[in-house]
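[1] model the following, please.
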Amino acid sequence: MAMNDPQLVEEQYASEANLLARRALYEETTGPDPRELLWDAIVAAEPRRVLEVGGGPGEVSERMARELGADVRYVDISPRMVALARARGLDARVGDAQALPFEDASFDTVVAAWMLYHVPDLDRGVAELARVLEPGGRLVAATNSVDHLRELRELISYPSGYELTFTAENGEELLRRRFAHVERTDGVGTVTVRDRAKLVAYRASMSVDTSPVPDHVELPFVVRRATTVFVATR
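    Predicted structure coming up:
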């Protein structure tokens with residue numbers, strides 16, 4: 001399996017437990033907050049009719065509706081994530097980024113945060129995001145660099161075959177196939193982990209075969225983090 005394998009994605013997001021374990025890793029960081037870089041790009045797009053694709057528990061969609069007054073629709077391939085989003089009062093439905101259940105030009109903004117690397121046919125998925133945008137509409141997409149958490153991946157011998165397909169390095173090229181203009185904002189920093197249990201939980205949250213975290217791993221364990229937010233205009 002790879003990061004865009006449907007079986008792996010189904011396993012990963014059947015519950016929120018894996019996502020929460022990975023988020024817990026980021027409690028002590030330096031550098032710009034990637035979530036705020038994403039939010040700043042969304043605010044700059046001045047969204048009115050918004051679709052979030054692969055929105056996880058729905059925090060971003062809820063914030064767009066509450067703080068920006070946007071008319072928000074939400075789609076995720078995971079029934080559990082959709083249930084969590086609905087619990088926030090969102091108009092949420094199960095759907096596939098490769099075949100979005102909306103008409104052409106339905107939205108002025110689409111948000112795809114840390115999810116495009118899960119799409120099996122990436123070009124088809126990007127084409128769908130462009131299709132549902134009106135002319136001049138914007139896609140706000142976030143992803144990570146191939147160097148993101150490299151030290152941790154090396155620690156647990158993360159298999160090279162599971163690397164991301166949509167990254168900070170290739171994202172602009174992929175988006176330019178469907179969008180007229182692409183801008184990027186990069187955020188780099190570090191993550192400091194002082195509790196081995198967090199490393200163990202992170203490793204356990206990945207649906208791949210990796211090596212155990214060494215019993216005597218040197219703490220604090222410091223790793224690089226690197227995120228990019230793309231804004232692509234149709």
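[2] name the nearest residue to Ile156, ignoring sequence neighbours.
    Computed as C-beta to C-beta, 6 or more residues apart in numbering, the closest residue to Ile156 that is not its neighbour in sequence is Thr210, at 4.2 Å. All C-beta atoms are positioned from the backbone trio N, CA, C, and that covers glycine.
[3] again with Glu183
    In space, Glu183 is closest to Val231, 4.9 Å off (C-beta to C-beta, 6+ apart).
[4] helix or strand for the closest residue to Gly56 other than its chain neighbours, which one?
    Leaving aside its sequence neighbours, Gly56 sits nearest to Met81 (C-beta to C-beta, 6+ apart; 5.5 Å). Per DSSP states H and E, Met81 falls inside helix 79-87.
[5] which helices and strands does that helix pack with?
    When contacts are defined as 3 or more C-beta pairs under 8 Å, 6 or more residues apart in numbering; DSSP states H and E, helix 79-87 packs onto strand 71-76, strand 91-94.
[6] the helix or strand following the last one pairs with which strands?
    Okay, so that is strand 91-94. For strand 91-94, the succeeding helix or strand toward the C-terminus, using DSSP H and E, is strand 107-113. Take DSSP bridges as the rule and strand 107-113 pairs in its sheet with strand 49-53 (parallel), strand 133-144 (parallel).
[7] just say helix, strand or coil for the residue nearest to Ile156.
    Per DSSP: H, G, I helix; E, B strand; the rest coil, the local secondary structure of Thr210 is coil.
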